[in-house]
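Asker: quick one, what's the 3D model for this:
(chains A and B)
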Amino acid sequence: MKFTQLLAESAGAMLANPLRTMLTMLGIIIGIASVVLMLAVGDGIRAFINKELAMLGSNLVLVQSDTRKNAGLRPRTGSVQTITLDDAEALNRLPSVAGAAPMLTTFSQISYGNDNNNTQVQGTTPIAFKIRNLRMAKGNPITEVDVASASRVAVLGKKTAEQLFYKTDPIGQTIRIDNQSFQVTGVLDNEGQSFDAGDIGEIVMVPISTARVTLIRTASPRTVQYVVVQAKNADGLNDMVQDVKELLRDRHRMRADDADDFRVVNFGEFAKSGEAIATGLSVALGFIGAISLVVGGIGIMNIMLVSVTERTREIGIRMAIGARPSDVLWQFLIEAVAICVVSGIIGIALSAALAAAVTATGKFDMSVGFKAIAIATLFSCAIGVFFGFYPARRASKLQPVECLRYE
Amino acid sequence: MENATPNSVGELLVQLTDVRKSYFSNRVETPVLHGINLAMQRGDFMAIMGQSGSGKSTLMNVLGCLDTPTSGTYSLAGQNVGTLSRAELAGLRNRTIGFVFQSFNLLKRMSILDNVALPLIYAGVARKAARERARLQLDKVGLGEYASRQPNQLSGGQQQRVAIARALVADPPLILADEPTGNLDTRTSADIMAVFTELNRERGQSIILVTHEPDIAAFAKRLVRLKDGLVLYDGPAREGLRQMQQDDAKDRASQDSADEVNT
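Answerer: Residues are numbered from 1 along each chain as shown, chains lettered A, B, ... in the order given. Here you go, the predicted structure:
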């Protein structure tokens, strides 16, 4: 018996009792939809995390002073500054490091004309712009010359610039930070959260030397609060962290049994916890999907058994006119698989619609990928074969004489 | 099928040698056929008669390869049926037997055309070719215009014609008709029997007809009467039917005298 014939017969059998077929398919539809959504949510979260991380600048770690226990007392992190500008420069020269930017930050009042605002001011070097993926909306970033000469220049975050200047061009204007005048040289284009300063649109960046002189008092002339370090590539991140630790321990002349006087915060860890959330959600949805698929599969098996009994006479007639047991087996098996595949397609369509609806809200990108469709289709076929086989086999074992006698 | 010369008269088509059939339930053997010997040549038109319980239906099932004998040999078109697997039996039925049933047994959900095409589909003929041949066959039984209808939209006589078309479509050497007129009125019955007679006369189509009505059996050339699982009479139909009438009369007479004695 040809495959097209089998398909035509399956379609006929499914359409013979549309309501029953639809109800039978429901379990599989829900199951497949949740499996596809599971994959879409997982992919969506992963993509979302990657996008956020790329916005922060990728493969970054933060090296900050950590306090050693001193006579049983452990002062607050950062209250003792052990990292210096020279450490940052040394880190910058490490082969595994793409760039290391020393940072001094404070909360300051900035004002222009009658407008004023409290926001985070970061003193840093030009390297920060590169490794933190900061782009200029207009004007220029802080330069090496600015750092060397401790120029009073500032680069504004997008929101801060808008708040202070509305529609006027801020470039070349003079603002006051903690009552000291700075000339605006540029405006950042970045938006979103930064890992160390809240909303990146609100920060103000100044040369680190200027910050030290005018805004931030430090314990010694060369200490910094922390250093942002970027690895050359994602694979080398852990090796780089190792290099950073060794270099700093060496530079700080620490003995083997001394605890680190610094801390390395790896932003990859955030990605990992995001990944864990994505996996958790995927597992939960996958579990619902699996249960629904099993229940749906049992439903299909049940209906197929009923169908075999109902169609006993039909089976007898078919066998009398030449259907081999294998023909009967295939007929019922293909019917079960067809029900599952149609359910699978409906399930995929349903989840694609849901994903599109979620994406349309603009908060979260979800898309049903080719992989998800392939997996769902394969899965629904497998369910059809698994749960359809027993009824089909039972049909094929029927004796034609008895079937023809069946009323 | 082209080289099998299904309708060449004279060749041995059916041969039963000491065929016995018993049914078992709870290990109790109920013998139904007690040793049937029967041979039929191609081109013959044979009616099988017998009262209920005579083993008529069982013999029909054995002849139709729907059931296999408990002992004895049955060879159909040169094939020993007893040695075949279920799949091989299905193939043999498909190639050599066209069934016509009392209750027509058309598949409800399918069109008339697809019903007729089904034996060809199981023979492995492509769907399109099978439908073309089915249409030709439907035209031959005069129902070409009903091809796209469903079986339940047709009258009983028309449905039986469709069933005959289905039986003939794969050109099998043997037609096996089990009470084909049992659900039909007298006039339609005569029409259907005319179709069988014509097939036998014009094409030399071999036909085995199972019936309990003497009027229907009268259309056949040859009569086989069964009683208690044995062949009671095997010979020309006219002669057999006359004998049967005499037997019945005798039975009735003895019944009457027995009744008289009793009263």
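Asker: point out where the chain drops to low pLDDT.
Answerer: I'll assume chain A. For chain A, the stretches flagged by pLDDT under 70 are A:1, A:54-57, A:67-80, A:268-271.
Asker: oops, I was thinking of chain B
Answerer: Those would be B:1-10, B:261-263, if you go by pLDDT under 70 across chain B.
Asker: again, only using 80
Answerer: Along chain B, segments meeting pLDDT under 80 span B:1-11, B:255-263.
Asker: give me the element the residue of it found nearest chain A is part of.
Answerer: Proximity of chain B to chain A (C-beta to the nearest C-beta) peaks at B:Asn94, 2.5 Å away. In short, each C-beta sits where N, CA and C put it, glycine included. Assigned by DSSP states H and E, B:Asn94 belongs to helix B:86-96.
Asker: give the buried residues for that helix.
Answerer: Within helix B:86-96, the residues scored as buried using 16 or more other C-beta atoms under 10 Å in any protein chain shown are B:86, B:89-96.
Asker: is the next helix or strand after it positioned near chain A?
Answerer: With elements assigned by DSSP H and E, the helix or strand that comes after helix B:86-96 is strand B:97-100. Yes - contact of strand B:97-100 with chain A (C-beta under 8 Å from any C-beta of the partner chain) involves B:Phe99.
Asker: what lies in contact with strand B:97-100?
Answerer: A:320-321, B:64-65, B:76, B:93, B:105, B:119, B:160, B:163-164, B:166-170, B:172, B:174-178, B:180 (C-beta atoms under 8 Å, 6 or more residues apart in numbering or on different chains).
Asker: what strands line up against it, and which way round?
Answerer: strand B:174-178 (parallel) (DSSP bridges).
Asker: now the very next helix or strand once past the partner strand against strand B:174-178, angle please.
Answerer: For strand B:174-178, the following helix or strand on the C-terminal side (DSSP H and E) is helix B:186-203. If you take axes from the mean of the first three to the mean of the last three C-alpha atoms, to 10 degrees, helix B:186-203 sits at 170 degrees to strand B:174-178.
Asker: which strands and helices sit next to helix B:186-203?
Answerer: Contact analysis of helix B:186-203 by 3 or more C-beta pairs under 8 Å, 6 or more residues apart in numbering or on different chains; DSSP states H and E lists strand B:45-50, helix B:156-168, strand B:174-178, strand B:206-210 as its packing neighbours.
Asker: report all helices and strands that the longest helix along chain A contacts.
Answerer: With secondary structure taken from DSSP state H, chain A has its longest helix at helix A:268-310. Here helix A:268-310 touches helix A:18-56, helix A:325-360, helix A:370-396, going by 3+ C-beta pairs under 8 Å, 6+ apart.
Asker: how far off helix A:370-396 does that helix point, in degrees?
Answerer: Going by the same axes, to 10 degrees, helix A:268-310 makes 20 degrees with helix A:370-396.
Asker: alpha carbons only: can I get the following helix or strand past helix A:268-310 in PDB?
Answerer: Note on helix A:268-310: by DSSP H and E, the next helix or strand toward the C-terminus is helix A:312-320. Extracted C-alpha coordinates of helix A:312-320, given in PDB (Å, rounded to 0.1, in the frame of the first residue of the first chain):
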ATOM      1  CA  THR A 312     -13.400  -4.200  13.300                       C
ATOM      2  CA  ARG A 313     -15.700  -4.900  10.400                       C
ATOM      3  CA  GLU A 314     -13.800  -2.500   8.100                       C
ATOM      4  CA  ILE A 315     -10.600  -4.400   9.000                       C
ATOM      5  CA  GLY A 316     -12.300  -7.700   8.100                       C
ATOM      6  CA  ILE A 317     -13.400  -6.300   4.800                       C
ATOM      7  CA  ARG A 318     -10.000  -4.900   4.000                       C
ATOM      8  CA  MET A 319      -8.400  -8.200   4.900                       C
ATOM      9  CA  ALA A 320     -10.900 -10.200   2.800                       C
END
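Asker: sorry, back to before: tell me the angle of the longest helix of chain A relative to helix A:18-56?
Answerer: 170 degrees.
Asker: helix, strand or coil: sort out residue 219 for me.
Answerer: With no chain named, the answer covers chain A. coil (DSSP: H, G, I helix; E, B strand; the rest coil).
Asker: oops, chain B please
Answerer: Assignment for B:Phe219 (three-state DSSP): coil.
Asker: need phi/psi at it.
Answerer: Backbone geometry at B:Phe219, expressed as degrees, to the nearest 10, gives phi -70, psi -20.
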